[in-house]
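# fold the stuff below for me.
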Amino acid sequence: MQFLITTKFIGKIIFPLIASAALLFSQIFTQLRDIFTLADITNDAPLYAEIISADTALQTAPEIAQPSQPLDLPAAVSNQIVETAPAYPYANPAGCAVTQPQDLTPEQMLANVQNAIGGKYNLAERRQLYIWNGSLGTMLNVTDDPFVYEFTFNEFQHPLTYLGDEVATVFLTQGFVVWFREYNGSFRLLAIPMTDGVLQSQWASYVTSYWQKDGTPNDAYIYSVMKKLPCHWVIDSGYVTNETVDSMFNLNWQVPDYLTAGRQYLAENCAEAQRVSEEMIGYPNPASMCGPLAWTILRDANSFPYRIGSWSANAAAFTGANPKWNDQPWGTFDPATYTLFHTDQPMGGYDFQTNGNLYTGDVIYSYATLYVTPGYFDHIFVVAGIDENNTRLTISNIVRNVPERDCMIEELPLYTPGDLTSGAINYEWNGYGSGRTGTSGFDVFRWNWATYHNNGQAMQYTVRWGDTLETVAFDWKISPEMIEQTNQLASDAQLIPGQVIILPALVQPAH
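Have a look, this model is predicted:
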């Protein structure tokens, strides 16, 4: 009996204790091994890349934009959780600080803006101290308000709003939110510093609404223009998220698809064209809607440049336009973004193949008579594409006079190189059923990216304030990777205002 009791005691008590002790020693040994392994990693290999200093940003881009060398870490680190930098949707814009300028007062931030824009504009002379606050619905004396500045820039009024692109962008890169406003007989630039306390101020809504997709503050005096990419520190500080930034900006560098953009407005008869004109284009008369229709197609195709200008507000520049009388719509755009051709030769029967073809994205203004004459009309239309037969296409409103009067919005062949008799230019708009246009010549407005593509030659580009690889690629319709490779830049390289980069020669035109 004593032997049996001892055996049971050993089996039920001693053996489990021995097993538990063995397990405990195993866990202690594993933890000690991990501690010594982590110590080796900490002592021998850095876990974070070196932060580039502000002084380094003054070097040339190829030098500061080289991809960092891979870290030679022990294999054991592969299972460790290492904090990584946020994945920004776009590179840090040219002119932006790497980190938030926390030690700067709003007055010092403003001084940085003045230093960047130089002596062309004296901000102190332009500052207004009694200004409108839309959220409160009242005028305020802001002499001692550290969270707002407003300046008069009457030279930026429509149609010359594009002149304000650089100034507004400099403000943004130096930590301000910028809105254009128009009231009390003047055109103004409202600048609000993104600094501690601003979101608790009476100007908070002007900051938060800027960083919302299609956001606008409650202010009837806002003059709508495109927004610009934020500095990375603006994202890091919580003013906007990466997801919102990604949704706010469409920087697709592909050649715009004007045909798809325009086909949603096709109309088979006058009744349908009237509905499209009123409800979709916002213009009352389908017979004379060519300007607003052209602007809408350009907008929907995302073809306007990455610049501030009055073209983004509405179709005003394309409504009642006549380049000979009011320089519109061409005068609305920055001359650095396009080339303008003009001929006094009639458009009907014009030999484009010999004299220079039209290309996708070209905008044509055709002149008829100096004064209104029955059967003649001025016209504006977009070259929306080129088909497999090399025929140029457009989507345009058209008024037919035979066999009976009717109007519609159609996808039309304009001309085929070498053929001087067919297509809307040579037939329908040359007196055969739809009146006459182009009898006094025509203008060809061509984006500079199209000229660059068609020339097939490399070119130099000078970086502007606020540029990134993505915005340059968008404006010139080439991939960011091509720019990176040509200039030996890293994919997240920050460009520098005034830096000269090379846009590579293209093997084939993009259209």
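
# centroid-nearest residue for the protein?
By CA atoms, centre = their mean, the chain has its centre lying nearest to Tyr306, at 4.4 Å.

# tell me which helix or strand that residue sits in.
Remark: Tyr306 resides in no helix or strand, with elements defined by DSSP states H and E.

# all helices for the stretch 351-500 of the chain, in order.
352-355, 448-455, 469-476, 480-487 (DSSP state H, counting those that start in this stretch).

# need those helices in TSV (columns: mean pLDDT, distance to Thr173 and mean neighbour count).
For every residue, glycine as well, the C-beta is placed using N, CA and C. Converted to TSV, the helices of the stretch 351-500 of the chain look like this (pLDDT from 0 to 100; distance: least, CB to CB, whole Å; neighbours: other CB atoms under 10 Å):
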stretch	mean pLDDT	distance to Thr173	mean neighbour count
helix 352-355	97	43	13
helix 448-455	96	24	18
helix 469-476	98	13	23
helix 480-487	97	20	17
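
# roughly how far does Lys120 sit from Val463?
19 Å (CB to CB, to the nearest Å).

# neighbour count for the two, which is higher?
Neighbours were counted for Lys120 and for Val463 using other CB atoms under 10 Å; Val463 has more, 20 against 7.

# do you know how far the more buried one is from Met347?
39 Å.

# kindly report the domain assignment for the protein.
2-44, 106-248, 258-450, 454-503 (automatic domain parsing).

# beta partners of Leu189?
Taking DSSP bridges, one obtains Phe151, Phe180 as the residues bridged to Leu189.

# and it, how many residues sit next to it?
So Leu189, with other CB under 10 Å, has 24 neighbours.

# check the one 10 residues further on too.
Counted with other CB under 10 Å, the burial measure for Leu199 works out to 15 neighbours.

# hang on, it packs against Thr208?
Yes: judged on CB atoms under 8 Å, Leu199 makes contact with Thr208 at a distance of 7.3 Å.

# on that earlier part again, distance of the residue nearest to the centre of the chain from Ser135?
Counting by CB to CB - Tyr306 and Ser135 are separated by 29 Å.

# could you do Trp295 as well?
Counting by CB to CB, the gap from Trp295 to Ser135 is 32 Å.

# residues contacting Met459?
452, 502-503 (CB atoms under 8 Å, 6 or more residues apart in numbering).

# list the beta-bridge partners for Asp406.
Arg400.

# isn't it right next to Asn397, touching?
No: assessed by CB under 8 Å, Asp406 is found out of contact with Asn397, at 11.5 Å.

# more neighbours: those two, which one.
The residue with more neighbours, out of Asp406 and Asn397, is Asn397; 26 against 15, by other CB under 10 Å.

# ok, now which ones touch that one?
273, 277, 286-287, 289-290, 293, 407-409.

# swap in 6 Å and give it another go.
286, 289-290, 293, 409 (CB atoms under 6 Å, 6 or more residues apart in numbering).

# restricted to strands, list those.
Ile409 (DSSP state E).

# pLDDT and distance to Asp246 added to the contacts of Asn397, as JSON lines?
Below are those laid out as JSON lines (pLDDT from 0 to 100; distance: CB to CB, whole Å):
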{"residue": "Pro286", "pLDDT": "94", "distance to Asp246": "37"}
{"residue": "Met289", "pLDDT": "95", "distance to Asp246": "34"}
{"residue": "Cys290", "pLDDT": "96", "distance to Asp246": "35"}
{"residue": "Leu293", "pLDDT": "98", "distance to Asp246": "30"}
{"residue": "Ile409", "pLDDT": "97", "distance to Asp246": "34"}
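
# next structured bit after the helix or strand bottoming out on mean pLDDT in the chain?
Every helix and strand of the chain was ranked by mean pLDDT, DSSP states H and E. The lowest is helix 61-64, at a mean of 32. Following helix 61-64 in sequence order, the next helix or strand is helix 106-117 (DSSP H and E).

# list the buried ones in that next one?
106, 109-110, 112-113, 116-117 (16 or more other CB atoms under 10 Å).

# quick one on the thing from earlier: which one of the helices of the stretch 351-500 of the chain lies nearest to Thr437?
helix 352-355 (15.8 Å; CB to CB).

# list the contacts of that closest one.
Residues contacting helix 352-355 (CB under 6 Å, 6+ apart): 417-418.

# what sits against the closest residue to Ala91 other than its chain neighbours?
Distance criterion CB to CB, 6 or more residues apart in numbering; nearest residue to Ala91, sequence neighbours excluded, is Thr468 at 4.1 Å. Counting by CB under 6 Å, 6+ apart, Thr468 makes contact with 90-91, 93.

# can I get the contacts of Met459 in a markdown table including distance to Phe187?
A markdown table is the format used below for these (distance: CB to CB, whole Å):
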| residue | distance to Phe187 |
| --- | --- |
| Tyr452 | 33 |
| Ile502 | 37 |
| Leu503 | 34 |
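
# for these, which one is nearest Gly423?
Nearest to Gly423 among the contacts of Met459, with distances taken as CB to CB, is Tyr452, at 26.9 Å.

# from Ala287, how far out is the closest one?
In terms of CB to CB, Tyr452 sits 37 Å off from Ala287.

# do Ser205 as well
Distance from Ser205 to Ala287, by CB to CB: 43 Å.

# between those two, point out the one with more neighbours.
Ser205 (20 against 15).

# can you pull the buried residues of whichever strand or helix holds that one?
Here Ser205 is covered by helix 204-210, with elements defined by DSSP H and E. For helix 204-210, a neighbour-count test (16+ other CB under 10 Å) marks 204-207, 209-210 as buried.

# let's have those in a markdown table, adding distance to Asn430 and pLDDT.
As requested, these are arranged in a markdown table below (distance: CB to CB, whole Å; pLDDT from 0 to 100):
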| residue | distance to Asn430 | pLDDT |
| --- | --- | --- |
| Ala204 | 59 | 98 |
| Ser205 | 55 | 98 |
| Tyr206 | 53 | 99 |
| Val207 | 55 | 98 |
| Ser209 | 50 | 98 |
| Tyr210 | 49 | 98 |
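
# what's the pLDDT at the residue nearest to Gln499 when sequence neighbours are not counted?
Distances taken as CB to CB, 6+ apart place Val463 nearest to Gln499, at 4.3 Å, with adjacent residues excluded. With respect to pLDDT, Val463 scores 99.

# quick one: residues contacting Val463.
94, 495, 497, 499.

# run the last query once more with 7 Å
Neighbour list for Val463: 94, 495-499, 501 [criterion: CB atoms under 7 Å, 6 or more residues apart in numbering].

# could you turn the buried ones of these into a PyMOL selection?
Listed next is the PyMOL selection for buried residues among those, using 16+ other CB under 10 Å:
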select buried, resi 94+495+496+497+499+501
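
# which of the contacts of Val463 sit farthest apart?
Pro497 and Ile501 (12.1 Å).

# tabulate the domains of the chain in a markdown table, adding columns for distance to Gln100.
Listed next are these as a markdown table, based on distance: least, CB to CB, whole Å:
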| stretch | distance to Gln100 |
| --- | --- |
| domain 2-44 | 29 |
| domain 106-248 | 4 |
| domain 258-450 | 24 |
| domain 454-503 | 15 |
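
# looking at those domains, which one has the lowest mean pLDDT?
domain 2-44 (a mean of 40).

# picking that back up, Trp295 and Ser135: which has the busier surroundings?
Trp295 (26 against 14).

# distance of that one from Val225?
If you go by CB to CB, the gap between Trp295 and Val225 works out to 15 Å.

# kindly report the same for Arg307.
In terms of CB to CB, Arg307 sits 9 Å off from Val225.

# again, but for Ile496
25 Å.

# with Ala450 instead?
From Ala450 to Val225 the distance is 24 Å (CB to CB).

# circling back to that earlier point, save the helices of the stretch 351-500 of the chain as TSV, and put in distance to Ile131 too.
Conversion of the helices of the stretch 351-500 of the chain to TSV gives the following (distance: least, CB to CB, whole Å):
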stretch	distance to Ile131
helix 352-355	53
helix 448-455	38
helix 469-476	31
helix 480-487	40
